[in-house]
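J.: My questions are about this predicted structure, shown below with the sequence.
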Amino acid sequence: MTPDQFYNELVNEFPTLKERLGTWDSDSTHFKMEEFAVHTKNRILANDLFEVKRCFQFQEQRIELADDHLINCMTVSFCESLLLGGLGTRSEEATSLMGPRLLKLYRDYENYYNDLVKRPRQN
C-alpha cells in the first residue's frame with residue numbers, strides 16, 4: 001500500500017480529516033500522517049476511547065500492507081507524535097488500545113528514541 005492509497009482510505013474512514021489533509025500536496029506524506037496523529041491525540045485527550053480505537057485499528061489493518069515509505073510515515077510521524085505529543089499519563093492507557101503491529105512500531109520507535117537521547121553529544 002502506498003501513502004496515496006492510505007490517505008484515500010483515511011479520508012473515506014475519517015471524512016472530517018479531508019479538509020486538513022487537502023491542504024498538503026501528495027508529496028507531503030509525513031505532514032498528512034502528522035494530521036492523523038493530531039486527530040488521534042485530540043481524541044486521546046478528550047477520552048474518546050471509541051474514536052481512539054478506530055484510529056489505531058485503521059493503522060493496525062494497514063501495517064502489513066504498507067510499503068516502506070508508508071511504514072516510515074507511520075513510525076516517524078504517527079508514533080513519534082504520540083510519544084512526544086504531551087499525552088502524559090494518558091500515553092500508557094492509549095498504547096494499551098493498540099493492536100500488536102502498531103504497538104510494535106510504537107515500542108520500537110520508543111526504544112530508538114530513548115537510545116538516541118541517552119547518547120553523549122558530539123562536539
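T.: Structure's in. What do you need? Remember, predicted model here, so these are calculated numbers, not experimental data.
J.: Enumerate every residue touching the residue nearest the centre of the chain.
T.: Residue closest to the mean C-alpha point of the chain, counted by Cα atoms, centre = their mean, is residue 78 at 2.2 Å. Shown here is residue 78, whose contacts under the criterion Cβ atoms under 8 Å, 6 or more residues apart in numbering are 33-34, 36-37, 40, 59. All C-beta atoms are positioned from the backbone trio N, CA, C, and that covers glycine.
J.: Just the pLDDT for it.
T.: What the model reports for residue 78 is a pLDDT of 95.
J.: before we move on, what about residue 54?
T.: Looking at residue 54 specifically, the model assigns a pLDDT of 97.
J.: How many residues are close by it?
T.: Residues lying near residue 54 (other Cβ atoms under 10 Å) number 14.
J.: Which helix or strand contains it?
T.: Residue 54 is part of helix 49-63, with elements assigned from DSSP states H and E.
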